[in-house]
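Student: Sequence below, structure please.
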Amino acid sequence: MMIKDLLKDLKYKNIELSVSGADLDVNYQTEELPEDVITLIRRHKTEIISFLNQISGNLAIENTPLLSNYVLSSSQRRLWLLSQFEGGDLAYNVMGAFVFEGELDKPAFAQSFTALI
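Tutor: Residues are numbered from 1 along each chain as shown. The predicted structure follows:
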């Protein structure tokens, strides 16, 4: 049995496995795991831990290549469509003001905006 398939099957059953040190943590929504699932996890415990440790090092977000434009997600398309209507973008703009007291360190203030942008 391939470990990927086993993990997919467990996930479908709402059983989540994670590595804790040299052991497995099992998260399950109901009170008890079925005995056949416990046996299956125990039988493949070493392989599961090895697989989870191996993929945990590959979870970095990859850089997207620079393009002139990008495909929008359905949520982004919905926001763009709403913004085309009069006042449609008001719900997504949060207004606020900050009042600074004392002397302003202008170079630090400029540097903070540069870092933010």
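Student: quick one: residue 35 from residue 42, how far?
Tutor: Separation of residue 35 from residue 42 (CB to CB, to the nearest Å) stands at 11 Å. In short, each C-beta sits where N, CA and C put it, glycine included.
Student: end to end, how far does stretch 10-20 reach?
Tutor: One end of stretch 10-20 to the other measures 18 Å (CA to CA, to the nearest Å).
Student: average model confidence for that stretch?
Tutor: For stretch 10-20, mean pLDDT rounds to 86.
Student: Between residue 35 and residue 42, which is the more surrounded one?
Tutor: residue 42 (11 against 8; other CB atoms under 10 Å).
Student: Where does the prediction get shaky in the protein?
Tutor: Along the chain, the parts satisfying pLDDT under 70 run over 1, 57-61, 89, 91.
Student: Do you have the helices of it handy? List them.
Tutor: Per DSSP state H, the chain carries helices over the ranges 3-12, 35-43, 45-56, 74-84, 106-116.
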